[in-house]
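1. starting from these lines, generate the structure:
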Amino acid sequence: MPDQLISIPRSPAARTTLGDRVRQLRIAKGLTQTDLAGERFSKEYVSQIERGKTRPTGETVEWLAARLGVDRSFLETGVSSSERERVESVIARAEAALESNSYQDAVDELNELGGALESVAVPALQLRALLADSWGRMNLGEVREAIARLDAARHLAESPTFSDVDRAEILYQLGVCRYKLSSVATAVALLSEALDLAERSGLPADRLRSNILGWRSRCYRRQRDWEAAREDVERALELAEGLNDRRTVAHHYFQASLIAERTGHWVLARSYAERAKAQYEELADQANVGKLLNNLGGLNFQLGKPQEAIRHLKDAYRVLLDVGSEADAGYVVSSLAQVHLRTGEPKLAEEQARHALELLGERVDVLDEIGNAQLVLGRSLLDQDRLDEADELFKAAEASFEQLSSVSHRAAAWVAQGDLAVRRGDDRHAAHLYRRAAEALQDFRF
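-> Modelled structure (predicted):
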């Protein structure tokens, strides 16, 4: 993808003054200053306008624009109203694409602007474009590119023309990006700062506050601070319900389900997941329906219903491939591999884990699931007595988990390596690995 929106310098057209444009247009039409002034103004007044010595009234600008054959917007800004409307329309289409999870479409729309965004030089539109582009790229796995856009947005928003809510929106997106890169402590700090800005602004920002709380809840969940995670998601849900924002309500039910699952409340987790799924279905949000089906598959397996789990997971895989979400489909195939591994089918588990790794690729924002798939693949190889191959996969999983801020994931890799050591008859090394995992307070679930 071309990096067209990383920074937005002011173009030569935007640097010209109103006086410059009056002079250029007058000369292009073959008029003298006396001709342009006509009977309404003096030649000296036109000269003062062209030299920037006086600022004409709105009524005068309107009259000059008509005399010079351009619209008022062009004379004032160097950009015609039709060009500004075109740029605003493209940005609006990109924002609509984000709402429907069509992230590639959003990025493609904005790339089509090329230099038009620079020439329009309207800060509010530039900020909207940067925020839309960053969110789209982040969800496509281009997290560092998204951060580059947000750095440009942060510089732009230093202007007093922007509010604290605008600045909070930028910090919110930066926090999400840092979470995706597993810099969880940094993400918490950014999200907390964003929440403080939004709350102190005195401006309506409940939707933004709800989103911030929802993502901070994810951070606390990654840090295994279950009480903080639960409190944040409950506050987020209350704000979203007050706005009657069904999509955001569904997102928060989803997060509440994951928190309940991690704390062993599987029936409650399934209840939350089913509520979220119903909301997504009403919104025709198939991408999130697919994710919820994956979640329900895992919950049904935990509740002792493996066949129902497999049915949900196969439905999830089909839905996610239909919407072109390969990375999320990779999550589902990894879940299927875990189910088949735990039900005594290691060869099928191996096949599915390898397929999951192909779908996940090398995206830095899905390292947790890449590590999970490597772990499942290693265990499937261990169950087939392919010990050296299993060893390689367990080490790869540990390396993936090392990049996360979750010690419980690394503990899972150490337990797997301990099981391998037992199979090789090295009980002393196995005991060391098990103790290391126990000290890390392993809490690794489906």
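
2. measure Asp35 to Glu62 for me?
-> Distance from Asp35 to Glu62, counting by CB to CB, to the nearest Å: 19 Å. Every C-beta, even on glycine, is put in place using the N, C-alpha and C of the backbone.

3. now Leu387
-> Using CB to CB, one gets 83 Å for the distance from Leu387 to Glu62.

4. likewise for Ala327?
-> Remark: distance between Ala327 and Glu62 (CB to CB) = 54 Å.

5. residue ranges of each domain in this protein, please.
-> Domain segmentation of the chain under automatic domain parsing yields 17-77, 325-446.

6. most neighbours per residue, which of those?
-> With neighbours taken as mean count of other CB atoms under 10 Å, the domains of the chain reach their highest mean count in domain 325-446, at a mean of 20.

7. contacts only, for Arg207.
-> By CB atoms under 8 Å, 6 or more residues apart in numbering, Arg207 lies in contact with Leu239, Ala240, Leu243, Asp245, Thr248.

8. quick check: which element contains the residue nearest to Tyr434 when sequence neighbours are not counted?
-> Closest residue to Tyr434 apart from its sequence neighbours, by CB to CB, 6 or more residues apart in numbering: Gly418 at 4.7 Å. Per DSSP states H and E: Gly418 is located in helix 407-423.

9. packing partners of that helix?
-> For helix 407-423, the packing partners by 3 or more CB pairs under 8 Å, 6 or more residues apart in numbering; DSSP states H and E come out as helix 367-383, helix 387-402, helix 427-439.

10. average model confidence for the shortest one?
-> Averaged over helix 427-439, pLDDT sits at 93.

11. and the second one, by the same measure?
-> Mean pLDDT, computed over helix 387-402, is 95.

12. how about the first one?
-> In this model, helix 367-383 carries a mean pLDDT of 95.

13. quick one: it to helix 407-423, angle?
-> 10 degrees (axes from the mean of the first three to the mean of the last three CA atoms, to 10 degrees).

14. okay, the angle between helix 367-383 and helix 387-402?
-> Angle, helix 367-383 to helix 387-402, by the same axes, to 10 degrees: 160 degrees.

15. ok, now the last one?
-> Interaxial angle of helix 427-439 relative to helix 387-402 (the same axes, to 10 degrees): 20 degrees.

16. give me the contacts around helix 427-439.
-> Outside helix 427-439, the residues that touch it by CB under 8 Å, 6+ apart are Ala411, Ala412, Trp414, Val415, Gln417, Gly418, Asp419, Ala421, Val422.

17. now with 10 Å, please.
-> Helix 427-439 has contacts (CB atoms under 10 Å, 6 or more residues apart in numbering) with 407-408, 410-424, 426, 442, 444.

18. select, out of the domains of the chain, the one closest to Gly298.
-> domain 325-446 (4.6 Å; CB to CB).

19. from His355, how far off is the closest residue to Asn372 other than its chain neighbours?
-> Computed as CB to CB, 6+ apart, the closest residue to Asn372 that is not its neighbour in sequence is Ser334, at 5.6 Å. Plainly put, Ser334 is 9 Å away from His355 if you go by CB to CB.

20. any residues in contact with both of the two?
-> Shared contacts of Ser334 and His355, defined by CB under 10 Å, 6+ apart, are found at Ala373.

21. count of residues packed around Ile259?
-> For Ile259, the count of nearby residues is 23 (other CB atoms under 10 Å).

22. ok, and the closest non-adjacent residue to it?
-> In this structure, Ile259 finds its nearest non-sequential neighbour in Ala229, 5.2 Å apart by CB to CB, 6+ apart.

23. just Arg275 next, same as before
-> Tyr253 (4.8 Å).

24. related to what we said a few turns ago, distance to Gln223 added to the domains of the chain, as TSV?
-> Listed next are the domains of the chain as TSV, based on distance: least, CB to CB, whole Å:
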stretch	distance to Gln223
domain 17-77	48
domain 325-446	7
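
25. to Gly175, which of those lies closest?
-> The nearest among the domains of the chain, by CB to CB, is domain 325-446 at 13.7 Å.

26. these two touch, right, Ser100 and Ala106?
-> Yes: counting by CB atoms under 10 Å, Ser100 does reach Ala106; the two are 9.2 Å apart.

27. could I have the CA atoms of stretch 419-438 written out in CSV?
-> Extracted C-alpha coordinates of stretch 419-438, given in CSV (Å, rounded to 0.1, in the frame of the first residue of the first chain):
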residue,chain,number,x,y,z
ASP,A,419,5.5,-33.1,29.1
LEU,A,420,8.0,-33.7,26.4
ALA,A,421,10.8,-34.1,28.9
VAL,A,422,8.8,-36.7,30.7
ARG,A,423,8.3,-38.6,27.5
ARG,A,424,12.1,-38.5,27.0
GLY,A,425,12.7,-39.8,30.5
ASP,A,426,14.3,-36.6,31.8
ASP,A,427,12.2,-36.2,35.0
ARG,A,428,14.6,-33.7,36.5
HIS,A,429,14.2,-31.2,33.6
ALA,A,430,10.5,-31.8,33.5
ALA,A,431,10.2,-31.0,37.2
HIS,A,432,12.1,-27.7,36.6
LEU,A,433,9.8,-26.7,33.8
TYR,A,434,6.6,-27.6,35.8
ARG,A,435,7.9,-25.6,38.8
ARG,A,436,8.7,-22.6,36.5
ALA,A,437,5.2,-22.7,35.1
ALA,A,438,3.5,-23.0,38.5
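
28. sorry, back to before: ok, the residue nearest to Ile259 - contacts?
-> 216-223, 255-256, 258-259, 262-263.

29. just the ones of these in helices?
-> Using DSSP state H, Arg216, Ser217, Arg218, Cys219, Tyr220, Arg221, Arg222, Gln255, Ala256, Leu258, Ile259, Arg262 are the members of the contacts of Ala229 that sit in helices.

30. not counting sequence-adjacent ones, nearest residue to the first one?
-> Closest residue in space to Arg216, ignoring its immediate chain neighbours: Leu191 at 4.3 Å, by CB to CB, 6+ apart.

31. what are the buried residues along the helix or strand containing Leu197?
-> Using DSSP H and E, Leu197 falls within helix 184-200. Neighbour counts over helix 184-200 (16 or more other CB atoms under 10 Å) mark Val184, Thr186, Ala187, Val188, Leu190, Leu191, Glu193, Ala194, Leu195, Leu197, Ala198 as buried.

32. in TSV: these, plus pLDDT.
-> Formatted as TSV, the buried residues of helix 184-200 follow (pLDDT from 0 to 100):
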residue	pLDDT
Val184	93
Thr186	96
Ala187	97
Val188	97
Leu190	98
Leu191	98
Glu193	98
Ala194	98
Leu195	98
Leu197	97
Ala198	97
